[in-house]
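K.L.:
The following block contains a protein sequence and its predicted model.
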Amino acid sequence: MTDLTPQQLAEACAESMFARDTATQALEMEIVCVSPGRASIAMAVSPRMIQGHGNCHGGYIFTLADSAFAFACNTYNAVTVGAGCTIDYLAPAKLGDRLTAYAVERSRSGRTGIYDVSVENQHGTPIALFRGRSHQVRGTLLPESPEMEASA
(Lines give C-alpha, C1' and ligand atoms only; values in the text may rest on other atoms or scores of the structure.)
Protein backbone atom coordinates (compact mmCIF):
# COMPACT_ATOMS: atom_id res chain seq x y z
CA MET A 1 0.00 0.00 0.00
CA THR A 2 3.04 2.28 -0.08
CA ASP A 3 2.18 3.47 -3.59
CA LEU A 4 -1.03 5.19 -2.40
CA THR A 5 -1.22 8.80 -1.28
CA PRO A 6 -2.70 9.34 2.20
CA GLN A 7 -5.97 10.45 0.56
CA GLN A 8 -6.09 7.38 -1.70
CA LEU A 9 -5.37 5.14 1.28
CA ALA A 10 -8.17 6.74 3.31
CA GLU A 11 -10.61 6.25 0.42
CA ALA A 12 -9.55 2.64 -0.16
CA CYS A 13 -9.91 1.85 3.55
CA ALA A 14 -13.41 3.41 3.63
CA GLU A 15 -14.48 1.46 0.54
CA SER A 16 -13.18 -1.80 2.00
CA MET A 17 -14.80 -1.19 5.37
CA PHE A 18 -18.15 -0.07 3.91
CA ALA A 19 -18.35 -3.23 1.78
CA ARG A 20 -18.42 -5.32 4.99
CA ASP A 21 -20.41 -2.89 7.18
CA THR A 22 -23.92 -4.29 6.96
CA ALA A 23 -25.12 -2.15 9.90
CA THR A 24 -24.26 1.10 8.14
CA GLN A 25 -25.67 -0.22 4.86
CA ALA A 26 -28.93 -1.38 6.49
CA LEU A 27 -29.60 2.16 7.71
CA GLU A 28 -28.91 3.45 4.18
CA MET A 29 -26.05 5.66 5.36
CA GLU A 30 -23.74 7.06 2.74
CA ILE A 31 -20.15 8.17 2.93
CA VAL A 32 -20.11 11.84 1.93
CA CYS A 33 -16.34 12.22 2.13
CA VAL A 34 -13.33 10.73 3.82
CA SER A 35 -9.74 11.88 4.27
CA PRO A 36 -6.98 10.93 6.71
CA GLY A 37 -8.48 11.19 10.20
CA ARG A 38 -11.82 12.53 8.94
CA ALA A 39 -15.12 11.20 7.65
CA SER A 40 -18.58 12.55 6.91
CA ILE A 41 -21.52 10.15 6.82
CA ALA A 42 -25.14 11.07 6.00
CA MET A 43 -28.47 9.39 6.74
CA ALA A 44 -32.12 10.29 6.14
CA VAL A 45 -34.50 10.00 9.10
CA SER A 46 -37.14 7.48 8.01
CA PRO A 47 -40.49 6.54 9.66
CA ARG A 48 -38.95 3.44 11.30
CA MET A 49 -36.56 5.72 13.24
CA ILE A 50 -39.26 7.77 14.98
CA GLN A 51 -39.80 7.22 18.72
CA GLY A 52 -42.86 7.86 20.91
CA HIS A 53 -42.35 11.64 21.09
CA GLY A 54 -42.35 12.01 17.31
CA ASN A 55 -38.59 12.60 17.01
CA CYS A 56 -35.72 10.47 15.72
CA HIS A 57 -34.71 7.88 18.33
CA GLY A 58 -31.36 8.80 19.88
CA GLY A 59 -30.00 5.33 19.13
CA TYR A 60 -30.09 6.06 15.41
CA ILE A 61 -28.33 9.40 15.90
CA PHE A 62 -25.73 7.61 18.02
CA THR A 63 -25.27 4.95 15.33
CA LEU A 64 -24.70 7.60 12.67
CA ALA A 65 -22.10 9.37 14.84
CA ASP A 66 -20.45 6.06 15.73
CA SER A 67 -20.20 5.09 12.06
CA ALA A 68 -18.53 8.41 11.17
CA PHE A 69 -16.12 7.87 14.08
CA ALA A 70 -15.33 4.35 12.85
CA PHE A 71 -14.63 5.47 9.30
CA ALA A 72 -12.45 8.39 10.47
CA CYS A 73 -10.25 6.31 12.76
CA ASN A 74 -9.80 3.57 10.14
CA THR A 75 -8.29 5.78 7.42
CA TYR A 76 -4.69 4.64 8.00
CA ASN A 77 -5.09 0.92 7.10
CA ALA A 78 -4.73 -0.15 10.72
CA VAL A 79 -7.75 -1.94 12.21
CA THR A 80 -9.03 0.44 14.88
CA VAL A 81 -12.00 -0.03 17.21
CA GLY A 82 -13.87 2.12 19.67
CA ALA A 83 -12.64 2.06 23.25
CA GLY A 84 -15.31 4.38 24.63
CA CYS A 85 -17.46 7.34 23.78
CA THR A 86 -19.94 9.92 25.00
CA ILE A 87 -22.78 11.68 23.24
CA ASP A 88 -24.75 14.81 24.05
CA TYR A 89 -28.07 15.38 22.30
CA LEU A 90 -28.64 19.05 21.53
CA ALA A 91 -31.84 19.19 19.46
CA PRO A 92 -34.36 16.71 18.10
CA ALA A 93 -34.12 15.32 14.59
CA LYS A 94 -37.40 15.00 12.72
CA LEU A 95 -38.89 12.68 10.14
CA GLY A 96 -37.44 13.54 6.75
CA ASP A 97 -34.33 15.27 8.11
CA ARG A 98 -31.04 14.47 6.41
CA LEU A 99 -28.46 14.13 9.14
CA THR A 100 -24.75 14.38 8.51
CA ALA A 101 -22.09 13.33 11.01
CA TYR A 102 -18.71 15.05 10.67
CA ALA A 103 -15.88 13.17 12.40
CA VAL A 104 -12.54 14.86 13.04
CA GLU A 105 -9.40 13.38 14.57
CA ARG A 106 -8.24 15.47 17.54
CA SER A 107 -5.36 13.31 18.73
CA ARG A 108 -3.65 10.14 17.53
CA SER A 109 -0.62 8.76 19.30
CA GLY A 110 0.64 5.20 19.48
CA ARG A 111 -2.40 2.93 19.39
CA THR A 112 -4.99 5.41 20.69
CA GLY A 113 -6.89 8.35 19.32
CA ILE A 114 -9.60 10.86 20.17
CA TYR A 115 -12.24 11.89 17.63
CA ASP A 116 -15.00 14.49 17.80
CA VAL A 117 -18.17 14.02 15.78
CA SER A 118 -20.79 16.70 15.23
CA VAL A 119 -24.20 15.70 13.87
CA GLU A 120 -26.19 18.34 12.00
CA ASN A 121 -29.42 18.38 10.04
CA GLN A 122 -29.80 19.72 6.50
CA HIS A 123 -30.21 23.27 7.86
CA GLY A 124 -26.91 23.13 9.78
CA THR A 125 -28.70 22.84 13.14
CA PRO A 126 -26.51 20.97 15.66
CA ILE A 127 -28.29 17.76 16.70
CA ALA A 128 -25.60 15.97 18.75
CA LEU A 129 -21.94 16.03 19.80
CA PHE A 130 -20.07 12.74 20.14
CA ARG A 131 -16.53 12.10 21.37
CA GLY A 132 -14.94 8.73 20.70
CA ARG A 133 -11.75 7.12 21.94
CA SER A 134 -10.13 4.64 19.58
CA HIS A 135 -7.74 1.76 20.04
CA GLN A 136 -5.68 0.18 17.26
CA VAL A 137 -5.66 -3.63 17.25
CA ARG A 138 -3.87 -6.13 15.03
CA GLY A 139 -4.50 -6.27 11.32
CA THR A 140 -5.04 -4.11 8.28
CA LEU A 141 -8.13 -3.28 6.26
CA LEU A 142 -6.44 -3.72 2.90
CA PRO A 143 -4.39 -6.67 1.73
CA GLU A 144 -0.68 -6.05 1.62
CA SER A 145 0.88 -5.62 -1.80
CA PRO A 146 2.92 -8.57 -3.17
CA GLU A 147 6.11 -6.51 -2.83
CA MET A 148 5.45 -5.94 0.88
CA GLU A 149 4.66 -9.63 1.50
CA ALA A 150 7.90 -10.70 -0.22
CA SER A 151 9.97 -8.40 1.99
CA ALA A 152 8.33 -9.53 5.22
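P.N.:
Right, received. Where do you want to start? None of the values given here were measured: they were computed from a predicted structure.

K.L.:
Would you mind confirming that residue 89 is in contact with residue 126?
P.N.:
No: Residue 89 is not in contact with residue 126 according to CB atoms under 8 Å; the separation is 9.9 Å. To be clear about C-beta, it is placed using only N, CA and C from the backbone, and glycine gets the same treatment.

K.L.:
Which one's more surrounded, the two?
P.N.:
Between residue 89 and residue 126, counted using other CB atoms under 10 Å, residue 89 has the larger neighbour count: 17 against 13.

K.L.:
With adjacent residues omitted, what lies nearest to the more buried one?
P.N.:
Using CB to CB, 6 or more residues apart in numbering and skipping the chain neighbours, the partner closest in space to residue 89 is residue 128 (5.1 Å).

K.L.:
shared neighbours, residue 89 and residue 126?
P.N.:
Between them, residue 89 and residue 126 share no contacting residue under CB atoms under 8 Å, 6 or more residues apart in numbering.

K.L.:
where along the chain do the strands fall?
P.N.:
30-35, 38-44, 80-89, 98-109, 112-120, 126-136 (DSSP state E).

K.L.:
If you count contacts, what does the second one end up packed against?
P.N.:
It stands for strand 38-44. strand 30-35, helix 58-73, strand 98-109 (3 or more CB pairs under 8 Å, 6 or more residues apart in numbering; DSSP states H and E).
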